[in-house]
Every structure is written in C-alpha cells, then in structure tokens.
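**Q** fold the stuff below for me.
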Amino acid sequence: MLTEALAALAANGGAALVAAMATDAWQAARDGMARLFGRQGSQRQAAIETQLDSNVVLVERAGDPAQARQGLVPLWQMELMQLLAEHPEAEAELRKLVADLRDALPRAQQQWVQVVLTTIARDNSRQFTAVWGNVIYHESPSSAAGRQPPSPAEADDSPGTVR
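**A** Here you go, the predicted model:
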C-alpha cells in the first residue's frame, strides 16, 4: 500500500506526463518515463514506450486535447502507483522528472502539474503554507488574552446567571 504522499506523487506524475503530450516537453517526458519503467524490465519498458507513443497520437488528433489529456491522467496515475509500489526507490527520480517537466511545460499546461505539500500541525500549533505566493498573517491581541478564567464565585455573579 502506498503512502498518501506517494499516491499524490503518482497523480502528479500522471498529470505532468499527459500535460507534456504534444508539447516541446514531450520527448523529455517520454524518455524519463521510459527510464523509470525500465526498472520493471526491458519488455515492460518497451510496452510503456508503445503506450506512450499511442497516447500522444490520441492527444495530437483530438478535437479537444485538454479533454484527451484529462482522460489519460487516471491511466498514468495507476501505472505510476504500481511502479512506486514495486519500486519505492523510484520516488526521487519521479519527483525530479515532475519538477523538470513542470518547468519545461508551456504556461497553458503548467496548471496540470501541482505542487503537493503535506503539512501537519500539532499541539495547538498554527501552520501557514503558500505555494507560489505569500501568507500575510496579523493577529491582534485578544481582550481575554492573559486573563485567568473566573473563579466559581465570580462566575456565579456573571450577567445572565439565574439564582
């Protein structure tokens, strides 16, 4: 079973791959994926190369290339999930390939590739994260800050207390 982070990487890898189809980034995407799947043997690598070549033709011939790409993402996500399950050591290479493809893609296709962050806040902490942007946070002191909770006697005399 894959971790959530590896499953997200597989989804992002599939999206980056199909985003590169029929663009100038395609050859790098094809070569990188073929190299990754080469871990499963030369026959598997040849089958993946054939599948990639067939899929890029689908995108090139589609009346709506974005729709064709969208249909191919789940297929490549599943292929990459299986690859990562069998070869978890491929994670670093896939992360690098996704980052390289994101940078090489035309602006219109860059939206297909997301930066996936996993953040965890614990023990009453606050966490702020921004990807390609800023987080500006201002906290004004609360009027109750620094005050002790009322004693039971004071609580009984508070407004709205029924006796």
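**Q** what score does the spatially closest residue to residue 45 that is not a sequence neighbour have for pLDDT?
**A** If the residues on either side of it in the chain are set aside, residue 45 comes closest to residue 38, at 4.2 Å by C-beta to C-beta, 6 or more residues apart in numbering. The C-beta positions use only the backbone N, C-alpha and C, and glycine is treated the same way. Residue 38 is assigned a predicted lDDT (pLDDT) of 96.
**Q** where in this structure is pLDDT low?
**A** Low-confidence segments of the chain, defined by pLDDT under 70: 108-122, 127-135, 137-138, 140-163.
**Q** just the helices in this structure please.
**A** Ranges of helices in the chain, per DSSP state H, are 4-20, 26-37, 42-61, 65-86, 91-104, 107-110, 152-156.
**Q** and of those helices, who's closest to residue 123?
**A** Across the helices of the chain, the minimum distance to residue 123, taken as C-beta to C-beta, is reached by helix 4-20, at 21.2 Å.
**Q** not counting that closest one itself, show me its contacts.
**A** 2, 26, 28-29, 33, 52, 55, 59, 69-70, 72-81, 83-84, 88, 91, 94-95, 97-98, 101-102, 104-105, 109-110, 112-114, 116, 118 (C-beta atoms under 8 Å, 6 or more residues apart in numbering).
**Q** need the winner for burial among the helices of the chain.
**A** Among those, ranked by average contacts under mean count of other C-beta atoms under 10 Å, first place goes to helix 4-20 (a mean of 22).
**Q** could you dump that one to CSV, C-alpha only?
**A** Listed next in CSV are the C-alpha coordinates belonging to helix 4-20 (Å, rounded to 0.1, in the frame of the first residue of the first chain):
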residue,chain,number,x,y,z
GLU,A,4,-0.6,9.3,0.8
ALA,A,5,2.5,11.2,-0.3
LEU,A,6,3.4,8.6,-2.9
ALA,A,7,-0.1,8.3,-4.2
ALA,A,8,-0.1,12.1,-4.6
LEU,A,9,3.2,11.9,-6.4
ALA,A,10,1.8,9.3,-8.8
ALA,A,11,-1.2,11.5,-9.5
ASN,A,12,1.1,14.5,-10.1
GLY,A,13,3.4,12.4,-12.3
GLY,A,14,0.5,11.2,-14.4
ALA,A,15,-0.7,14.8,-14.8
ALA,A,16,2.8,16.0,-15.7
LEU,A,17,3.2,13.3,-18.3
VAL,A,18,-0.1,13.9,-20.1
ALA,A,19,0.4,17.7,-19.9
ALA,A,20,3.7,17.2,-21.8
